[in-house]
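Student: The sequence and its predicted three-dimensional model are supplied below.
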Amino acid sequence: MKNFAKGLFKQNPILYFLLGMCPTLAVTTNAANALTMGLSVIFVLFFSNAIVSIIRKAVPEQVRIASFIVVIATFVTIVDIFLRANFPHLSKSLGPFIPLIVVNCIILGRAEAFASKHGLWASILDALGMGVGFTLTLLAMGSIREIFGMGTIFGVPVLPGWFPKFLVMILPAGAFITLGVLVGIHRSVLDKK
Amino acid sequence: MNYVLIFIGAAIVNNFVLSYFLGICPFLGVSTDLKKAMGMGLAVIFVMMIAAATTWPVYHKILVPYKVQYLEYVAFILVIASSVQFVEMFLRKYVPPLYSGLGIYLPLITTNCAILGMTLFMVIRDYSFLEGLVFAFGAGSGFLLALFIMAGIRERLNAADIPKPFNGAGIALIIAGCLALVFMGFSGMMR
């Protein structure tokens, strides 16, 4: 249970470890993209952690990083092909950021730091916790940016019409600033405890 | 003229770090002092060029003729990782001064999303071999530029009075946001 819960808030992969920044910033222009990205990462993380944990004793020390990357790249290819076939417009708006999950440091980081040293069960829980923590953070970013930038969430209008739309929130600059503020808030909450 | 446009587009207008968010991890990690930023930036330009020069032939001469484009990601990451490893060994043996300057950054760069991202953009935009090289050089230069500006600002920040929770990553991200706004000013230069 501890393996699962730690990823949610205390050791949140984005806010605490500052891992996986590229997708966090790039795909959170709206909540739907953020959720798709989060679910894809959960899928890849789950299977790569499981496989890495199973093969951890069979892989020689020197080639472990390369073998982990091949495992990860295989599952990313599966996700990419799946999205392209079933959700073509989502796949298009995420562009090259789905394939870039291959080099997302969260996944390689968990494979190296956790799955290569722990059993199957613990590794799966770790993957789920980290994945859910990642997804929640992405969803928070995506919602904040979509609400302030366009006044909608998942495409549904939530703000009254007179409320100004801050275009900057859906531009790259807004991504950096939102994440910076979230990191600061996360830190101040942890410091208080 | 086309080459100049590709270069400026990749380096400034669509800066890899500030508008595509590629290579954020090293951007935050090594932007604490100017000297390290310079070393990292040069190493990235170097690896970008190697990556472009190796993945272009792999894609167009091997994957396309045999119709196995779906192996793109696996193939690219393997090619990049092994060529970086090879260059690292070569530098250590034959050019020690260069190795001591760039060497420590090379392994880190392999899993830098800017490199894989650049090769994927190169394929999506259907660049020729030479255009790909220019694109890689531009992307690397843009990375160096962003990293260098950021390191300069962060050296000054050490003397500033920042609220404690924001110290470090928080303020760095907010500054990156301001830089991204500044770089948006260039977007009028090109479509």
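Tutor: Right, received. Where do you want to start?

Student: Report the contact partners of the spatially most central residue of chain A.
Tutor: If you average the C-alpha coordinates of chain A and look for the closest C-alpha using C-alpha atoms, centre = their mean, you land on A:Phe134, 4.2 Å from that point. Going by C-beta atoms under 8 Å, 6 or more residues apart in numbering or on different chains, A:Phe134 touches A:Gly7, A:Asn12, A:Pro13, A:Ile14, A:Gly20, A:Gly38, A:Val41, A:Ile42, A:Leu45, A:Ile106. Every residue, glycine included, has its C-beta placed from N, CA and C.

Student: Looking at the residues you listed, spot the one nearest B:Lys164.
Tutor: The nearest member of the contacts of A:Phe134 to B:Lys164, counting by C-beta to C-beta, is A:Asn12 at 19.0 Å.

Student: ok so the closest one is a strand residue?
Tutor: No: with the criterion set as DSSP: H, G, I helix; E, B strand; the rest coil, the secondary structure at A:Asn12 is coil rather than a strand.

Student: In space, what's closest to residue 47 - neighbours in sequence excluded?
Tutor: Looking at chain A here, since you left the chain open. Beyond its immediate neighbours in the sequence, the residue positioned closest to A:Phe47 (C-beta to C-beta, 6 or more residues apart in numbering or on different chains) is A:Phe75, lying 4.9 Å away.

Student: not what I meant, chain B
Tutor: By the measure of C-beta to C-beta, 6+ apart, the closest residue to B:Val47 outside its immediate chain neighbours is B:Ile109, 4.9 Å from it.

Student: gap between the longest helix seen in chain A and the chain center?
Tutor: Among the segments of chain A that qualify as a helix by DSSP state H, the longest is helix A:120-150. If you compare the mean C-alpha spot of helix A:120-150 with that of the full chain, they lie 6 Å apart, counting by C-alpha atoms, centre = their mean, to the nearest Å.

Student: I'd assumed A:Ile42 was in contact with the residue nearest to A:Phe47.
Tutor: No: using C-beta atoms under 8 Å as the test, A:Phe75 is too far from A:Ile42 to be in contact (11.2 Å).

Student: Settle it for me: which of the two has more neighbours?
Tutor: Using other C-beta atoms under 10 Å in any protein chain shown, the more surrounded residue of A:Phe75 and A:Ile42 is A:Phe75, with 20 against 17.

Student: ok, the more buried one to chain B distance?
Tutor: 10 Å (C-beta to the nearest C-beta, to the nearest Å).

Student: Name all residues that make contact with B:Met49.
Tutor: If you count contacts by C-beta under 8 Å, 6+ apart, B:Met49 has them with B:Leu133, B:Ala136, B:Phe137, B:Gly140.

Student: which one is the third one nearest to, not counting chain neighbours?
Tutor: Excluding the flanking residues, the one nearest B:Phe137 by C-beta to C-beta, 6+ apart is B:Met49, at 6.2 Å.

Student: cool, the first one as well?
Tutor: Nearest non-adjacent residue to B:Leu133, counting by C-beta to C-beta, 6+ apart: B:Ala52, 5.4 Å away.

Student: Work out for me the element that neighbour sits within.
Tutor: When secondary structure is defined by DSSP states H and E, B:Ala52 falls within helix B:34-57.

Student: So for that helix, mean pLDDT?
Tutor: Throughout helix B:34-57, pLDDT has a mean value of 86.

Student: which intervals of chain A have sub-threshold pLDDT?
Tutor: Counting by pLDDT under 70, chain A shows low-confidence ranges at A:1.

Student: Kindly apply the preceding question to chain B instead.
Tutor: Segments of chain B classed as low confidence (criterion: pLDDT under 70) are B:1, B:101-105, B:107-108, B:111, B:190-191.

Student: Which SSE is immediately downstream of the helix of greatest length in it?
Tutor: Looking across chain B with DSSP H, the single longest helix is helix B:129-157. Secondary structure here is assigned by DSSP H and E; on that basis, the next helix or strand after helix B:129-157 toward the C-terminus is helix B:169-184.

Student: Count the neighbours of A:Lys165 for me.
Tutor: Counted with other C-beta under 10 Å, the burial measure for A:Lys165 works out to 15 neighbours.

Student: show me where chain A has strands.
Tutor: With strands called from DSSP state E, chain A shows them at A:152-153, A:156-157.

Student: any idea which of those is most buried?
Tutor: With neighbours taken as mean count of other C-beta atoms under 10 Å in any protein chain shown, the strands of chain A reach their highest mean count in strand A:152-153, at a mean of 16.

Student: ok now it, how far from the chain's centre?
Tutor: 21 Å.

Student: counting contacts, what elements does it pack onto?
Tutor: When contacts are defined as 3 or more C-beta pairs under 8 Å, 6 or more residues apart in numbering or on different chains; DSSP states H and E, strand A:152-153 packs onto helix A:120-150.

Student: Return the set of buried residues in the helix it packs on.
Tutor: A:122-150 (16 or more other C-beta atoms under 10 Å in any protein chain shown).

Student: Take the helix holding B:Ala52, keep the C-alpha atoms, and write them as CSV.
Tutor: This file holds the C-alpha atoms of helix B:34-57, laid out as CSV (Å, rounded to 0.1, in the frame of the first residue of the first chain):
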residue,chain,number,x,y,z
LEU,B,34,27.2,29.6,-16.9
LYS,B,35,30.1,27.2,-17.3
LYS,B,36,28.1,24.0,-17.0
ALA,B,37,25.4,25.5,-19.2
MET,B,38,27.9,26.2,-21.9
GLY,B,39,29.3,22.6,-21.7
MET,B,40,25.9,21.0,-21.8
GLY,B,41,24.7,23.2,-24.7
LEU,B,42,27.7,22.4,-26.8
ALA,B,43,27.4,18.7,-26.1
VAL,B,44,23.7,18.9,-27.1
ILE,B,45,24.5,20.5,-30.5
PHE,B,46,27.1,17.8,-31.1
VAL,B,47,24.8,14.9,-30.3
MET,B,48,21.9,16.5,-32.3
MET,B,49,24.2,16.5,-35.4
ILE,B,50,25.2,12.9,-34.8
ALA,B,51,21.6,11.9,-34.2
ALA,B,52,20.4,13.5,-37.4
ALA,B,53,23.2,12.1,-39.4
THR,B,54,22.6,8.6,-38.2
THR,B,55,18.8,8.4,-38.0
TRP,B,56,18.1,9.9,-41.4
PRO,B,57,19.8,7.1,-43.3
